[in-house]
Structure formats: structure tokens, C-alpha cells
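S.K.: Pasted the sequence and its predicted model underneath.
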Amino acid sequence: MASIRVDRVRQVFNDGNHNAFTDLCRYNGRFYLAFRSCPDGHMLFTSSQILVLSSEDSNRWEEVCRFSVPNRDVRDPHFLVFDGKLFVVSGTWWVDPSDSSERDINDHLGYCVWSEDGQQWHGPRALDGTHGYYIWRAGAHNGMAYLNGRRVKDFAVIEDRVKRDEQMESWLMCSADGFYWKPLGLMQPTQGDETAFLFEEDGSVLAVARSMGRRAAQVCRSHPPYTEWTRSDLDRYVGGPMLAKWGDRYLVGGRKMIGDAKPTTALYWLVEDQLVEVAELPSGGDNSYPGFVQLSEDRGLLSFYSSHEGSGTSLAPSAIYLAELSLDPA
């Protein structure tokens, strides 16, 4: 089995804010990097913004888009290449301006910005059909767009956190235009959380899903029309999961938290529904939420964030990093 060598890790953005929750893609021959920036930290603040940077060579980056939504915390930006456009979708929390501790999960609402050329951007625009859903990673297949959204079953109002987590569902949602969305298939019927997914050549879906709390992550699978899903537990928790193909291998990344060890960002191969750890990135404190672009058969580029060279906590500062990866054949 091939191992992963971390050739170089460099800090690419640090303005003193809490910078976090990355995604990475290529579009029209350029690299794009998205993340959240907030002076007040990891939690929910209306001071949060989504930044999109662009680069020709992944070394020199320029800001091409920045957005926020009034009275909402914006976070977890993810790219969607669909219908001749580059979308950035973001899950948002409504935040009571008089009391930021007051929040209602049923007031979640997805937003997007989009561009045809990667330079001129439109929006932000609310995503119809996502009220009550916290949206996450997105993808496209066979003329349709898809994203992950989680919600409380039947949008029930449940004050008790433990009971609410038991009723939290993770859905695959679909759209014909990238703007209007509807639920399609139930990926996780309970303890649903952040779910990364990809489409296979035969149209089937493979997903890696975080579970609420520090429960073991799950592998989820479905075939068209994606209304029925199977699930199997992995051997560990994975926070902010990423799932990508690197050649014919399945690469998983996310926050590793085992026992009393400090959290770090780790990479795994997914082999027959088992995780095989192959690398740990220089990281600590508040960290993870990677994005990945394959550069060649044996080279890749990974984005992530970490506060290990900053606050060491969920407060500012934390920085955005890029790791240059290569494969060592077995």
C-alpha cells in the first residue's frame, strides 16, 4: 500500500483572525481556496466572512471574493463546479443581534456566491429549499448538483441537546440549477453530521460521515436514485471529513481525536470500509477541515487550518495552510 509523504507545509493566509474551514478546487485552469475568517473565533458571530482566493500556480494567491450575510454566521464554504459556474456554498446560522447565545437550528439557511470566470462574482443569494438545513459539502453528477444538509427530524423544536442529536438527520439534497434544492435521500437517520461524498463512475455514491459528539464516523453508500442508503461504522471519530479520489485510491482527511491525545489533522486511505492512517500534518489546537486537489498520479495539494502556531485554541489567531503531498509506492 502506498504511503503519503508530506513534502512541504506552508502558511498561506494569516491576518490575525480565526481562519478556518477550508476547501480547495481547480476551475478553468486556476486553483481556488475558500475559508471562513472571523476576528471573534470558531463559534457563531455575525463578524464572520467567507474569503475566496485564486492562484495560477498555488504559490501566489489573490483575493477574488469576500462575503457575509447580515445577522448570520457564515462558515464551512465548499466549492461546487456545475452548469458552467463555480459556486461557493456556505451554511449559515441566524444569530440574535441582542444575544448571540440565542440560536435555533431550524433557522439554518444555505447561501451561495457564483462566478462564470472566477473573477466576477454574484451574490450572496439564499439557496431556496435549504431553510432548516445546515448545508455542507457539494458535488455534481450527470447534470444534477448535490449537497449534504443536516436537519432535525421534522424540524422539531428540541431543547435537550442529547435528544436533539438523536433526531439529527443527514440528507443528500439535489438541484437542477444550483439555486433551488430539495431533499433526496437520508444518509444518516440519527446523529447526522458533516458528510463528505463522491460519485463513482457507475453513478453510485460513497460518503464518509462524521457522527454527533465523538462517536465513530460512518461509511455510507447508495445507488441511483439515492433514496436508500447503507451504513457501516469506522473505528474512530473523524472531524470535518474530506473524501477524495487520488488515482484509484480513496483519500480521507479530518480531525483525529483519540483518547486524551491532542487533536491533529490526519490523512487516511479508505480500504474496504476501514481507515488506514498514512500521514499526520503539523497541526494542533483548533484544526482540520481539509480540501484536496490531485496534481498528478503521485502528487497532491491539501488545504487545512490550524491554530497551533497561533492561539492554540478556538480563538483567533488561526491560519490557513497548504501541504504538498506525494506518494511513496509500496
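M.R.: Received the coordinates, thanks. Numbers count the residues shown, from 1 in each chain.
S.K.: Quick check: which element contains Asp165?
M.R.: Per DSSP states H and E, Asp165 falls inside helix 161-166.
S.K.: Check which element follows that helix along the chain.
M.R.: Heading C-terminal from helix 161-166 (DSSP H and E), you reach strand 168-175.
S.K.: Which strands or helices does the least confident helix or strand in the chain by mean pLDDT pack on?
M.R.: Every helix and strand of the chain was ranked by mean pLDDT, DSSP states H and E. The lowest is helix 161-166, at a mean of 92. Contact partners of helix 161-166 among helices and strands, from 3 or more Cβ pairs under 8 Å, 6 or more residues apart in numbering; DSSP states H and E: none. All C-beta spots, glycine's among them, are computed from the backbone N, C-alpha and C.
S.K.: okay, now Gly239: neighbour count?
M.R.: 18 (other Cβ atoms under 10 Å).
S.K.: Equivalent analysis for the one 5 residues further on, please.
M.R.: Counted by other Cβ under 10 Å, the residues lying close to Ala244 total 19.
S.K.: 581 is where my numbering starts, stick with that
M.R.: Renumbered: residue one is now 581, and that last one reads Ala824.
S.K.: Report the contact partners of the residue nearest the centre of the chain.
M.R.: Nearest to the geometric centre of the chain sits Arg717, at 5.1 Å (Cα atoms, centre = their mean). Taking Cβ atoms under 8 Å, 6 or more residues apart in numbering as the criterion, Arg717 is in contact with Asp603, His658, Leu727, Asn728, Glu774, Thr775, Ala776, Phe777.
S.K.: what helix or strand is it on?
M.R.: Secondary structure from DSSP H and E places Arg717 in strand 714-721.
S.K.: what about that strand, distance to the chain center?
M.R.: Relative to its chain's centre, strand 714-721 lies at 9 Å (Cα atoms, centre = their mean, to the nearest Å).
S.K.: Could you do stretch 778-791 as well?
M.R.: The answer for stretch 778-791 is 14 Å, by Cα atoms, centre = their mean.
S.K.: Give me the buried stretch members for that stretch, please.
M.R.: Within stretch 778-791, the residues that count as buried by 16 or more other Cβ atoms under 10 Å are Leu778, Phe779, Val785, Leu786, Ala787, Val788, Ala789, Arg790, Ser791.
S.K.: and the residue lying closest to Ser648 once chain neighbours are set aside, bridged to which residues?
M.R.: In space, and not counting its chain neighbours, Ser648 is closest to Gln629: 4.6 Å by Cβ to Cβ, 6 or more residues apart in numbering. Beta bridges link Gln629 to Ser617, judged by DSSP bridges.
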